[in-house]
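> need a structure here:
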Amino acid sequence: MIGIPFPAKALNLEQKIGNLAILRIPTSGDRLSGPSLAQRLGYSSTARLLIVNADDFGMSDEVNRAIVCGLTDGVLTSASAMVSAAAFPAVVEFSKKHRQADIGIHLTLTSEWDDNRWGPVAPTTTVPSLADGDSTMWRNAGTLYRRASIVEVEIELRAQIDTALNAGLDVSHLDSHMFTMHSGNLPYCDLYARLGDEYSLPIRAASALLLSIGLTSSARHPVLPLRGAKRALLLRSGFASVLKAARKRRVLFPDNLVIMGPTDSAMAVSFWSEVIDRLPAGVTEIYCHPAIPTPEIRRYVTDIASREADFQFFTSERARSLLSAAEIKLLSYKTIRTAMRDSRERARDESNDRNLRIEAQAN
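Below is the predicted model:
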């Protein structure tokens with residue numbers, strides 16, 4: 001394994017799991033007063049609550065079929081739809097038949113696969129900086145940030161949300177494809193929180209990121225995989241910016257986010273089993289990328305083995321049994337959305353009452 005050694009005392013090891021450990025990476029040092037998110041949702045402060053979200057809903061038929069199976073027969077509690085992708089109409093049809101399904105918007109600004117490209121939802125004449133010469137989105141976030149106008153980014157993201165709402169989706173939350181809205185690019189972070197505010201939707205963010213790390217046999221020198229180290233450092237800064245903007249606007253988000261799955265798909269069952277068993281108190285989100293491995297998707301999706309492993313685990317009876325044995329309560333983003341909107345309604349009512357009292361006293 002290519003990795004970076006760290007002295008154990010320098011890491012906040014939330015839990016040791018055999019030759020793995022959970023590294024808790026705080027994204028903000030602020031400890032807010034008042035009830036916890038779990039308490040606001042009607043649970044105790046020690047309750048362990050879990051959102052299992054499937055990303056990329058609408059990317060392809062193989063992804064759609066896997067996610068539908070997970071939502072109807074597995075332990076998936078939520079999914080995030082790619083409005084710009086070709087198989088999005090099937091997401092709309094599914095939602096019409098399953099109104100209870102929890103479906104958010106996977107805000108999409110990049111298109112990474114050679115044989116499955118997508119372009120902006122807004123007309124390319126309106127958002128020309130978001131598309132390459134083939135009228136498809138840029139392949140990676142770095143090119144996006146160099147080329148894109150933030151004004152056009154906002155037009156596109158609003159077009160994605162509005163298209164989903166106009167199609168009849170009961171949108172539950174917002175998150176972002178390839179973490180483009182969590183990068184530490186401040187205009188993107190602020191826009192992300194602002195969209196959550198204006199549409200009254202919770203967003204994918206977290207006060208702490210949970211990352212698995214490998215341990216040497218002595219367990220005295222944990223090794224953080226290089227890919228994980230880069231992802232953790234990038235996201236810590238970005239999530240801190242998102243949190244600051246979200247809290248300012250009273251947008252709700254989970255307490256914890258598991259940011260990387262197993263590096264070896266063959267270890268998926270043991271990895272996820274142990275992570276689930278040791279979830280911290282509060283609301284945690286696990287995001288995954290299930291897909292059914294057909295010859296077509298194998299042709300262009302380079303991480304199909306891990307996607308198949310996600311599909312197999314999160315639709316398994318073992319996953320359901322583990323969650324039950326660990327007394328973990330499954331949660332949807334709609335529950336957080338309800339709490340957020342109820343809180344805003346109460347705040348508006350209180351503000352109106354104060355204004356009426358002030359007006360009465362003035363008269």
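> which residues of this structure fall in strands?
Along the chain, the segments classed as strands by DSSP state E run 3-5, 13-17, 20-26, 48-57, 78-81, 103-107, 171-176, 208-214, 223-225, 256-258, 282-288, 329-330.
> What's the mean pLDDT across the last one?
When you say that, I think you mean strand 329-330. What strand 329-330 shows for mean pLDDT is 98.
> what's the answer for the fourth one, then?
Confidence over strand 48-57 (mean pLDDT, whole number) is 98.
> For that strand, name the packing helices and strands.
In this structure, strand 48-57 packs against helix 61-73, strand 78-81, strand 103-107, strand 282-288, helix 304-314, strand 329-330, with contacts taken as 3 or more Cβ pairs under 8 Å, 6 or more residues apart in numbering; DSSP states H and E. C-beta: built from backbone N, CA, C; applies to glycine.
> who does the second one pair up with?
Taking DSSP bridges as the criterion, strand 78-81 forms sheet pairs with strand 48-57 (parallel), strand 103-107 (parallel).
> Unless I'm misreading it, Ser273 sits right up against Arg320, doesn't it?
No: with contact defined as Cβ atoms under 8 Å, Ser273 does not reach Arg320; the gap is 11.9 Å.
> In a markdown table, list the strands of the chain along with distance to Ala193 and mean neighbour count.
Formatted as a markdown table, the strands of the chain follow (distance: least, Cβ to Cβ, whole Å; neighbours: other Cβ atoms under 10 Å):
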| stretch | distance to Ala193 | mean neighbour count |
| --- | --- | --- |
| strand 3-5 | 31 | 13 |
| strand 13-17 | 26 | 17 |
| strand 20-26 | 19 | 20 |
| strand 48-57 | 19 | 25 |
| strand 78-81 | 17 | 30 |
| strand 103-107 | 12 | 27 |
| strand 171-176 | 10 | 25 |
| strand 208-214 | 17 | 21 |
| strand 223-225 | 29 | 19 |
| strand 256-258 | 16 | 25 |
| strand 282-288 | 17 | 25 |
| strand 329-330 | 26 | 14 |
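> Can you tell me which of the ones you listed is nearest to Ser200?
Smallest distance to Ser200 across those (Cβ to Cβ): 10.0 Å, for strand 171-176.
> got TSV for the strands of the chain, with distance to Phe313 too?
Listed next are these as TSV, based on distance: least, Cβ to Cβ, whole Å:
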stretch	distance to Phe313
strand 3-5	24
strand 13-17	16
strand 20-26	16
strand 48-57	10
strand 78-81	16
strand 103-107	21
strand 171-176	21
strand 208-214	15
strand 223-225	20
strand 256-258	13
strand 282-288	8
strand 329-330	15
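> Now the weakest link among these, please, by mean pLDDT.
strand 3-5 has the lowest average pLDDT among the strands of the chain, namely a mean of 42.
> Quick one, which of the strands of the chain gets closest to Glu154.
The nearest among these, by Cβ to Cβ, is strand 103-107 at 10.9 Å.
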